[in-house]
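A.B. asks: Structure for this input, please:
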Amino acid sequence: MRKILIMIPLMFTLFEVGQMQADIVELPLACEGRYDLNSPVWKMDFDLGVPFTEISHVYMDWSGEITAGLAIDPMMPGPQPFPCDVGLIAYLGRNPGARHVTVYGGEETYPDPESFDSRIEFELLGSTTWSDLLDGQGMILITYSELVGPYISYVEPGLVLISEATLIVKGTPVPEPATILLLAAGVVGAQVRRC
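C.D. replies: Predicted coordinates:
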């Protein structure tokens, strides 16, 4: 009977330690709609509902349609104006480093919209880390973008329609108090068995 009482917490401990591996948290974003030159920046403070000890990857999974804009580039030969890609930029967090993802398109299918359905990883540039998101809270911004070069000017802006978007965070969640208690019980049980 004593062996059974020792083995039960130990089994739960091993199970919970196995569960503490990297986990994926998905947060649907209510950012659907039209984005164009006159659209304000879409902004949301979020709470993933779980803190992390480590974050390994963060993705933007979004889909929709992009209609190119018409642009003029006096340095480029050929007919003017011409269709030119437009898109969206998503910025993540208050960390001072540049963390963003982009999606562009529309030129190849103009005047019809071009569909997009992509899962893009936010890049960590410079010394930027995910430390500000370890508490599971942060901020995300989405804004319309045009590929403006030194000589390009748009005579007709394009537009982007987002049909759905999800922020995906992959990391190791902080163990819940119950998990810590089970881990402690397993350690105590193992020590009692040795005695």
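A.B. asks: which parts of stretch 109-123 are buried?
C.D. replies: Applying a neighbour-count criterion of 16 or more other Cβ atoms under 10 Å, one finds 110, 113-114, 116, 122 buried in stretch 109-123. C-betas here are computed from N, CA, C, even on glycine.
A.B. asks: Domain map for the protein?
C.D. replies: Following automatic domain parsing, the chain resolves into domains at 1-20+175-195, 22-174.
A.B. asks: need those in CSV with mean pLDDT, can you?
C.D. replies: Listed next are the domains of the chain as CSV, based on pLDDT from 0 to 100:
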stretch, mean pLDDT
domain 1-20+175-195, 49
domain 22-174, 92
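A.B. asks: Please identify the most buried of those domains.
C.D. replies: domain 22-174 (a mean of 16; mean count of other Cβ atoms under 10 Å).
A.B. asks: got the CA coordinates for stretch 81-97 in PDB?
C.D. replies: Output in PDB follows, covering the C-alpha atoms of stretch 81-97 (Å, rounded to 0.1, in the frame of the first residue of the first chain):
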ATOM      1  CA  PRO A  81       0.600  54.300 -64.200                       C
ATOM      2  CA  PHE A  82       1.200  50.600 -63.400                       C
ATOM      3  CA  PRO A  83      -0.100  48.300 -60.800                       C
ATOM      4  CA  CYS A  84       2.100  48.000 -57.700                       C
ATOM      5  CA  ASP A  85       1.900  45.800 -54.600                       C
ATOM      6  CA  VAL A  86       0.400  47.100 -51.400                       C
ATOM      7  CA  GLY A  87       0.000  45.300 -48.100                       C
ATOM      8  CA  LEU A  88      -0.200  45.100 -44.400                       C
ATOM      9  CA  ILE A  89       2.400  45.400 -41.600                       C
ATOM     10  CA  ALA A  90       1.700  43.900 -38.100                       C
ATOM     11  CA  TYR A  91       3.900  45.200 -35.200                       C
ATOM     12  CA  LEU A  92       4.100  43.300 -32.000                       C
ATOM     13  CA  GLY A  93       4.700  44.600 -28.500                       C
ATOM     14  CA  ARG A  94       6.200  47.600 -26.800                       C
ATOM     15  CA  ASN A  95       9.700  46.300 -26.900                       C
ATOM     16  CA  PRO A  96      11.900  49.000 -28.500                       C
ATOM     17  CA  GLY A  97      13.300  46.600 -31.200                       C
END
